[in-house]
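**Q** fold the following and give me the result.
(one chain, ligands or ions: 1)
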Amino acid sequence: MLVTGGAGYIGSHAVHALRDAGRNVAVIDNLSTGFRFAVPDDVPFYEGDIADSALLARIFAEQGMGDGSGAIMHFAGSIIVPESVAKPLYYYENNTGKSRGLIEAAVAHGVPHILFSSTAATYGVPDVSPVTEQTPTQPINPYGWSKLMTEQMLADTAAAYPLNFCALRYFNVAGADPQVRTGQSTAGATHLIKVAVEAALGKRDAVSIFGTNYDTPDGTGVRDYIHVGDLAAAHVLALDALIAEPSRSLTMNCGYGRGFSVLEVLDAVDRVTGGRIKRVFAGRRAGDPAKLVADSALLRATVPWTPRFDDLETIIEHALAWEEKLPTLRRSAA
Ligand code: UFG
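**A** As a prediction, the model looks like this:
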């Protein structure tokens, strides 16, 4: 099993989940945004780019993949929405073009299963809540398009070759490994829970609240925050589903099916820390939907997924624990 982007936030949690489940796993990561410390030392690590087809061939050979066996979990890619608006062609190359090469390598070598890290950004600004997989996909930025186009390539490839795929559309991923083995390490993060715990630890002065006049109960944006550990567990189960039914491909939302507002998140952080984060009321951020909540019925009906950390305060506690550990890791990695 090869995990692309296994040194990144979600990829590294998937690596731990696979190992915890007793699976063989190797990682390819070019470390452009990932961290070597996020991958356990005993996991075969290939530093390189998924665009390097010779490297992929070597990895498949060394890991005993191909000729109808093995699987790829594909996380490698760029994930910053405003950056995708400023540099669309980079996103179509890094996310879509390189995914095309990876899929081609899987076909050429006979790797039969691909699990793909997709996003709720494929839905754009949906006018329904919760969002099902049948809700029209209407991305509003190149990031969302780059992921949706990869889903389309996978679907077309699965129709033409002996390969099946699962695209998991993540809602708002947050938290960190409960054993504090990995977490979100990117500097300059923009995601609300990461930003809020940084503020709680004094790493930033305040949290800006982007928009207070949305059509939501308290006027702030509502999101479906899913613990990264539960998300990683869903990946292992989805992989099993791909292997069990090689003629079936899947596209599934990953969320809990309930939303919290920005104010509810900040209140929860204050409850967990016993402090009070400074809040700054700011204008809306371009492209933000008022509410984005997953209908996760398909995931729950397809795989035996029982979330273990579907509690906002637990998500925040784990995010805090990782944020406290991070400076030590950064120092020793420097
Ligand atoms: N927010 C703030 N202040 C902040 C950061 C966020 O008020 O400092 C608000 C946002 O306006 C939004 C909510 O908190 O209402 C969540 O924002 P995030 O930036 O944490 O996450 P997004 O919902 O914008 O992003 C998620 C995924 C993206 C994906 C997008 C699709 O993380 O990968 O949904 O809409 F593209």
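**Q** and the stretch 201-334 of the chain, which residues reach the ligand?
**A** Proximity of the stretch 201-334 of the chain to the ligand, by C-beta under 6 Å from any ligand atom, involves residues 207, 208, 209, 210, 211, 221, 223, 262, 285, 288, 292. From N, CA and C alone the C-beta is placed, and that goes for glycine too.
**Q** now do 8 Å
**A** Within the stretch 201-334 of the chain, the positions lying close to the ligand (C-beta under 8 Å from any ligand atom) are 207-211, 214, 220-223, 261-262, 265, 282, 284-285, 287-289, 292.
**Q** the residue nearest to residue 181 when sequence neighbours are not counted: how many residues sit nearby?
**A** The shortest distance from residue 181 to any non-neighbouring residue, by C-beta to C-beta, 6 or more residues apart in numbering, is to residue 16 (5.8 Å). Residues lying near residue 16 (other C-beta atoms under 10 Å) number 21.
**Q** surely residue 16 touches residue 178?
**A** No: in this structure, residue 16 is not within contact of residue 178 by C-beta atoms under 8 Å, at 10.2 Å.
**Q** where do the strands of the stretch 151-300 of the chain begin and end?
**A** Ranges of strands in the stretch 151-300 of the chain, per DSSP state E, counting those that start in this stretch, are 164-170, 172-174, 207-210, 222-223, 225-227, 250-254, 260-261, 279-282, 291-292.
**Q** the longest one pairs with which strands?
**A** Think strand 164-170. Using DSSP bridges, strand 164-170 pairs in its sheet with strand 113-119 (parallel), strand 250-254 (parallel).
**Q** next: the last one.
**A** When sheet partners are counted by DSSP bridges, strand 291-292 sits next to strand 222-223 (parallel).
**Q** which secondary structure element contains residue 57?
**A** Using DSSP states H and E, residue 57 falls within helix 53-62.
**Q** going by proximity to the ligand, name the top residue of the protein.
**A** Closest contact between the chain and the ligand, by C-beta to the nearest ligand atom, is at residue 221 (2.3 Å).
**Q** give me the pLDDT value at that residue.
**A** Per-residue pLDDT puts residue 221 at 97.
**Q** before we move on, the earlier item: can you redo the strands of the stretch 151-300 of the chain as CSV with mean neighbour count and distance to residue 330?
**A** Formatted as CSV, those follow (neighbours: other C-beta atoms under 10 Å; distance: least, C-beta to C-beta, whole Å):
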stretch, mean neighbour count, distance to residue 330
strand 164-170, 24, 25
strand 172-174, 23, 20
strand 207-210, 19, 22
strand 222-223, 24, 28
strand 225-227, 25, 23
strand 250-254, 22, 29
strand 260-261, 22, 29
strand 279-282, 12, 27
strand 291-292, 22, 31
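**Q** export those to JSON lines and tack on distance to residue 148?
**A** Output for these, formatted as JSON lines (distance: least, C-beta to C-beta, whole Å):
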{"stretch": "strand 164-170", "distance to residue 148": "9"}
{"stretch": "strand 172-174", "distance to residue 148": "18"}
{"stretch": "strand 207-210", "distance to residue 148": "24"}
{"stretch": "strand 222-223", "distance to residue 148": "20"}
{"stretch": "strand 225-227", "distance to residue 148": "20"}
{"stretch": "strand 250-254", "distance to residue 148": "10"}
{"stretch": "strand 260-261", "distance to residue 148": "26"}
{"stretch": "strand 279-282", "distance to residue 148": "29"}
{"stretch": "strand 291-292", "distance to residue 148": "16"}
